[in-house]
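# Predicted model and sequence below, questions to follow.
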Amino acid sequence: MDLNGSAMEIDEQHLGPCLSSYVNAGSVESHRYFLGRRTILEMLKDRGFAIPNSEIDTTLEEFREKYGQSPDVERLRISAMHRNDLTNKVLVIFCGPNTVKLNAIRAILTQIMNKESLSRLILVIQSQMTSQAMKAVENMSFKVEIFQITDLLVNITKHVLKPRHELLTNTEKKKLLEKYNLEEKQLPRMSQKDPIARYYGLEKGQVVKVTYNSEIIETHVTYRCVW
């Protein structure tokens with residue numbers, strides 16, 4: 001057999017029906033945007049924003065049919081309101097593959113200035129952000145979160161080993177502290193930079209109930225305060 005000949009070329013037709021189902025014939029770029037956007041949609045829904053299940057359940061094929069193999073980041077934007085607070089509005093903007101500079105941040109501000117007031121802006125970047133751009137972000141009048149798209153390719157809350165996290169209301173937090181005669185600072189801590197805290201958009205002083213459930217330790221509950 002000629003190892004250098006075309007007979008050794010493997011394509012979907014020669015793989016058979018089983019193996020060919022695993023072949024991703026589309027672009028890596030579109031696949032990355034599909035995964036990142038889906039995680040963002042799941043994240044917003046878990047935070048209480050009104051996100052239709054149809055958006056989350058979109059398949060890769062449907063995504064490529066709608067946005068193409070090289071998606072225009074402008075079309076990937078997401079705007080949503082909180083289910084229980086219509087004044088709580090979030091906008092998600094996907095940035096391109098280049099370094100995010102001050103001009104890009106100014107352009108974003110110009111685009112959203114005439115829109116209704118936002119409570120939160122999420123920027124999904126693929127490269128670095130300059131120090132000037134970062135300062136401009138910090139000076140915005142609303143909360144801004146920045147995620148690398150590579151951190152959104154997998155939803156970390158869906159990992160089988162991840163415990164369940166539930167945010168306590170202020171009333172539930174007060175009852176917890178009174179029940180165990182504790183001060184807030186006496187609770188175990190969770191950094192605001194923790195991936196779970198970032199996923200849920202937790203703020204300092206908020207308390208989460210963490211439930212561990214496995215065959216070894218069965219069910220174990222603890223509480224952590226974000227700092």
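Ah, there it is.

# CA atoms for contacts and neighbours, from now on please.
Fine.

# could you list every residue that touches the spatially most central residue of the chain?
Centroid-nearest residue in the chain, with Cα atoms, centre = their mean: Ile40, separated by 3.6 Å. Counting by Cα atoms under 8 Å, 6 or more residues apart in numbering, Ile40 touches Leu152.

# how far away is the residue lying closest to Lys185 once chain neighbours are set aside from His165?
Nearest residue to Lys185 in three dimensions, chain neighbours excluded: Cys225, at 7.9 Å (Cα to Cα, 6 or more residues apart in numbering). Look at Cys225 and His165: by Cα to Cα, to the nearest Å, they are 12 Å apart.

# Between the two, which contacts overlap?
Val208.

# Let me see the ranges of the strands in the chain.
78-81, 89-94, 120-125, 143-148, 164-167, 189-190, 207-214, 218-226 (DSSP state E).

# Asp72 is nearest to which of the ones you listed?
strand 89-94 (9.3 Å; Cα to Cα).

# mean confidence score for the closest one?
For strand 89-94, mean pLDDT rounds to 96.

# same question, stretch 46-53
96.

# now stretch 59-78
96.

# Quick one: residues contacting Glu42.
Ile56.

# So for stretch 154-162, mean pLDDT?
Mean predicted lDDT for stretch 154-162 stands at 84.

# from the chain's centre, how far out does that stretch sit?
The gap between where stretch 154-162 is centred and where its chain is centred comes out at 12 Å by Cα atoms, centre = their mean, to the nearest Å.

# same deal with stretch 63-81?
The answer for stretch 63-81 is 15 Å, by Cα atoms, centre = their mean.

# Tell me which residues are up against it.
26-27, 29-30, 33-34, 37, 49-51, 87-96.

# Flag every buried residue along that stretch.
63-64, 67, 69, 71, 77-78, 80-81 (16 or more other Cα atoms under 10 Å).

# Next, the angle from the longest helix seen in the chain to strand 120-125.
Ranked by residue count and defined by DSSP state H, the top helix of the chain is helix 28-46. Helix 28-46 runs at 160 degrees relative to strand 120-125, counting by axes from the mean of the first three to the mean of the last three Cα atoms, to 10 degrees.

# Max pairwise distance over the buried residues of stretch 63-81: which two?
Maximum pairwise distance among those (Cα to Cα): 29.2 Å, between Gln69 and Met81.

# coming back round to it: surely the residue nearest to Lys185 touches Glu203?
No: taking Cα atoms under 8 Å as the definition, Cys225 is not a contact partner of Glu203, at 9.5 Å.

# So the two - more neighbours on which side?
Comparing Cys225 with Glu203 by other Cα atoms under 10 Å, the one with more neighbours is Cys225, at 22 against 14.

# That one bridge partners, please.
Counting by DSSP bridges, Cys225 forms beta bridges with Arg189, Val207.

# what's the domain layout of the protein?
28-152, 157-226 (automatic domain parsing).

# quick one: low-confidence ranges for this structure?
1-24, 114-116, 160, 215-217 (pLDDT under 70).

# Try it again at 90.
In the predicted model of the chain, residues 1-26, 86, 108-118, 140-142, 158-164, 212-220 satisfy pLDDT under 90.

# mind listing the helices for it?
Under DSSP H, the chain gives helices at 12-20, 28-46, 53-56, 60-67, 102-113, 131-138, 170-179, 195-200.

# looking at those, which is buried most?
Among the helices of the chain, helix 28-46 has the highest mean neighbour count (mean count of other Cα atoms under 10 Å), at a mean of 19.

# Just want the angle from that one to strand 143-148.
Using the same axes, to 10 degrees, helix 28-46 lies at 140 degrees relative to strand 143-148.
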